[in-house]
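> Pasting the sequence and the predicted model now:
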Amino acid sequence: MAAPAEAAPAAYLLPRHVGPWSLDDVLSLPEDNSQRVELVDGMLLVSPLGSYRHQLVVGSAYAALLRACPEYLQATVELNVLLSSGRLLIPDFTVVNPREAGVMFPVSDVVLVGEVLSKTTRLNDLGLKRELYAQAGVKYYMTVDPEPKVVEATLLELQGTEYVEIAQSENGVLEIERPFPATVKF
């Protein structure tokens with residue numbers, strides 16, 4: 001009989017840190033493909049990567065937006081979006097005005113952000129991140145809930161300082177007209 005294997009120690013833990021985190025602090029963290037680290041006003045938002053179903057939903061949204069994007073726009077996944085010097089978010093998918101950028105993409109060129117809700121991100125996606133994207137002037141915000149039997153998606157448009165619902169999925173299909181016509185099937 002083989003001896004039980006010992007659990008391997010964690011390869012990476014967040015280092016001890018005093019005071020608020022900065023962009024430089026976050027960017028100097030070791031690469032970690034098991035979690036997403038975002039920065040809001042000196043505070044880290046750390047969440048695990050999404051489940052298999054979560055990733056399938058992200059892929060469906062990305063693929064549909066990519067196919068429908070006009071030439072002057074580009075769909076992406078997991079892009080580092082710089083909202084301000086103390087705010088770095090990583091939406092599940094985006095639509096942007098293409099440009100050369102380094103590790104961080106400026107929010108001024110972001111047309112649409114999308115978040116797929118999960119147990120660990122639901123409150124932030126529907127509250128904090130929605131508010132931060134609105135404050136930063138992101139025109140369109142899409143949320144996708146993979147938990148119901150049939151996936152539910154909502155597209156919001158920034159009107160003034162608040163998001164207003166402009167499209168809701170039916171039977172797992174989201175039809176949108178803005179920022180460009182697209183059909184997203186989940």
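The structure has been received and is ready for your questions.
> Relative to S169, how far out is P148?
Per C-beta to C-beta, to the nearest Å, P148 is found 10 Å from S169. All C-beta atoms are positioned from the backbone trio N, CA, C, and that covers glycine.
> more crowded one of the two?
Legend: neighbour count by other C-beta atoms under 10 Å for P148 and S169, higher for S169 (20 against 8).
> Name the nearest residue to that one, ignoring sequence neighbours.
In space, and not counting its chain neighbours, S169 is closest to A153: 4.2 Å by C-beta to C-beta, 6 or more residues apart in numbering.
> For the one you found, grab the count of nearby residues.
24.
> Any idea what it is bridged to?
V144 (DSSP bridges).
> do F93 as well
Bridge pairing for F93 - DSSP bridges - gives V77, G114.
> Relative to M43, how far out is the residue nearest to E162 when sequence neighbours are not counted?
Leaving aside its chain neighbours, E162 sits nearest to A134 (6.6 Å; criterion: C-beta to C-beta, 6+ apart). For A134, the distance to M43 equals 19 Å [C-beta to C-beta].
> quick one, which of these two is more surrounded?
Using other C-beta under 10 Å as the criterion, A134 and M43 rank with A134 on top: 18 against 11.
> Check which residues of the one helix or strand that one maps to are buried.
Assigned by DSSP states H and E, A134 falls within helix 129-136. Counting neighbours by 16 or more other C-beta atoms under 10 Å, one finds that the buried residues in helix 129-136 are K129, R130, L132, Y133, A134, A136.
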